[in-house]
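A.B. asks: Output the structure for:
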Amino acid sequence: MAIMNSALSALPEPRFVAAAPAPAVAKPFAPTVARVLRYWAFAGLMATVMTLFTAFQTRMQFLLRGQEMAYFDSVLWSAVIWYVWALLAPLAIVLALRNPVEKGSGLVKALAFQVLFAACFIGLHAVVAAAVMHTYPERFGLVPEYNQSIIQLLAMQGHWGVMSYIGLIAMVHVGIWVRRAQDEALAREELRTEAASAQLMALARQMQPHFLFNALNALVAMQAEGSPAQTFTIRLADMLRMLLQTGDRATASLAEEVSLVEAYLEIERARLGSRLRTDIQVAHVLGQCRLPAFILQPLVENAITHSISRTPEGGDIQLRAWHAADEIVIDISNSCSPEIAGPDPVEGMQLAIPNCRRRLALMYGAAARFEAGFLTRNLFRASIILPGNASAVAQPA
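C.D. replies: Below is the predicted model of the structure:
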């Protein structure tokens, strides 16, 4: 296992999904060399241990059969087998990292690849070991013909090769799954932190929230029943209640996110009046699909702040969610004046776009996408595309 830990740190990462892609950074040469040398040190140590063990085992087998074999010859034979194996093992490790066996549509293909490569790897091991032993075939007990000696080695050591290869690949996958579990734990924690930060930015409060909520309830009681001021205060209290109920959760359901958007739109409608026109169409069956918490409201807020509120005639905001093939699509589109439209996102979206992409990547990896841009000179759209199983994603504790 020590060999595997060292090898996994020195060789390429497996092709999984993970979190948001980081910019390429040149890796220092010296640490890479140190990791490779550390691998060879562990590999040499383990090859030595296995050489001594199998040499002793082989000698004991000969003695039990009443035959004689010099211990030095047994050590020499085992040394060639195991040191050649240590020499070739990085090739198997690299290919296992690049083509891991996992559940899904690629399982059969990955298994077939491993079977094929196992046969090639064991054959290559026999070819190299036979080449080394054939420098002195009499001492190793090989037939004089090189091709025949390869077949002889496969017949004598093939079963060991299969078991050793399976053990090596199993340890590689244990390392992959342990590393993935660690990465997922870090991603969940980062997602929770991002959600908490988004909540603070959305609420922007300086007073203790429960005190503010109680004050708003008192204010509602002081206002005329059914008055616009009372309606506004109630919607503001509703929005605050939703924020408090969500707390520091990293994720929220689509239904919760839409309710928060509706409360926010009611508050903005009190300010903008008929200038703000909204249309929300969300399929009921999608209500339980999971999103990073507080991801929709900032997009709607940006649309109002940087577009609709800047035009005298106001504008339209449409929020839609539907199934598209094996994906879930959530669209937020808004009209805007041609004067502020352009090839690039509006200023508020320049921060919102990378933030949304990062939070989606932390939750779903490459399975989720975020797209934003102008469809026409007066229509901007932001789209969140989730995997079809988003409604089954568990909420982090």
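A.B. asks: Which secondary structure state does residue 67 sit in?
C.D. replies: Going by DSSP: H, G, I helix; E, B strand; the rest coil, the secondary structure assigned to residue 67 is coil.
A.B. asks: how far away is it from residue 54?
C.D. replies: Going from residue 67 to residue 54 by Cβ to Cβ, to the nearest Å gives 17 Å. From N, CA and C alone the C-beta is placed, and that goes for glycine too.
A.B. asks: and the two? which has more neighbours close in?
C.D. replies: Here residue 67 and residue 54 are set side by side on neighbour count (other Cβ atoms under 10 Å), and the busier one is residue 54, at 18 against 9.
A.B. asks: tell me which residues of the helix or strand hosting the more buried one are tucked away?
C.D. replies: Taking DSSP states H and E as the criterion, residue 54 maps to helix 29-64. By neighbour count with 16 or more other Cβ atoms under 10 Å, helix 29-64 contains the buried residues 35, 38-40, 42-43, 46-47, 50-51, 54-55, 58-59.
A.B. asks: Could you do stretch 138-152 as well?
C.D. replies: When neighbours are counted by 16+ other Cβ under 10 Å, the buried residues of stretch 138-152 are found to be 140, 142, 149-150, 152.
A.B. asks: Sort out for me which of these are in helices.
C.D. replies: 140, 149-150, 152 (DSSP state H).
A.B. asks: follow-up on the earlier one: output the contacting helices and strands for the helix or strand just after the helix holding residue 54.
C.D. replies: Using DSSP H and E, the next helix or strand after helix 29-64 towards the C-terminus is helix 71-98. Helix 71-98 sits against helix 2-10, helix 29-64, helix 107-133, helix 137-140, helix 146-203, with contacts defined as 3 or more Cβ pairs under 8 Å, 6 or more residues apart in numbering; DSSP states H and E.
A.B. asks: where among those is the average confidence lowest?
C.D. replies: In terms of average pLDDT, helix 2-10 trails the rest of the helices and strands packed on helix 71-98, at a mean of 39.
A.B. asks: how does the chain divide into domains?
C.D. replies: When the chain is parsed with automatic domain parsing, its domains come out as 2-187, 275-397.
A.B. asks: Can you tell me which of the ones you listed is most buried?
C.D. replies: domain 275-397 (a mean of 17; mean count of other Cβ atoms under 10 Å).
A.B. asks: Identify the residues contacting the residue lying farthest from the centre of the chain.
C.D. replies: For the chain, the C-alpha lying farthest from the average C-alpha position belongs to residue 66; by Cα atoms, centre = their mean, that distance is 58.6 Å. Residues in contact with residue 66, defined by Cβ atoms under 8 Å, 6 or more residues apart in numbering, are absent; none qualify.
A.B. asks: for the stretch 251-397 of the chain, what spans make up the helices?
C.D. replies: 254-272, 296-306, 349-364 (DSSP state H, counting those that start in this stretch).
A.B. asks: which of the residues in the longest one are buried?
C.D. replies: I take that to be helix 254-272. Using 16+ other Cβ under 10 Å as the burial criterion, the residues of helix 254-272 that qualify are 254, 256-266, 268-270, 272.
A.B. asks: which among these gets closest to residue 301?
C.D. replies: For residue 301, the nearest member of those is residue 264. The distance, counting by Cβ to Cβ, is 6.9 Å.
A.B. asks: from memory the closest one sits against residue 299, does it?
C.D. replies: No: in this structure, residue 264 is not within contact of residue 299 by Cβ atoms under 8 Å, at 10.8 Å.
A.B. asks: Would you confirm that residue 363 contacts residue 251?
C.D. replies: Yes: using Cβ under 8 Å, residue 363 and residue 251 qualify as a contacting pair, with a distance of 6.8 Å.
A.B. asks: Quick check: the residue nearest to residue 117 when sequence neighbours are not counted vs residue 44, distance?
C.D. replies: With sequence-adjacent residues excluded and distances taken as Cβ to Cβ, 6 or more residues apart in numbering, residue 117 is closest to residue 95, at 5.9 Å. Relative to residue 44, residue 95 is positioned 22 Å away (criterion: Cβ to Cβ).
A.B. asks: what's near enough to touch the nearest residue to residue 129 once chain neighbours are set aside?
C.D. replies: Computed as Cβ to Cβ, 6+ apart, the closest residue to residue 129 that is not its neighbour in sequence is residue 84, at 4.8 Å. Taking Cβ under 8 Å, 6+ apart as the criterion, residue 84 is in contact with 125, 128-129, 132.
A.B. asks: Turn those residues into CSV, including distance to residue 373.
C.D. replies: CSV is the format used below for the contacts of residue 84 (distance: Cβ to Cβ, whole Å):
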residue, distance to residue 373
125, 54
128, 56
129, 60
132, 62
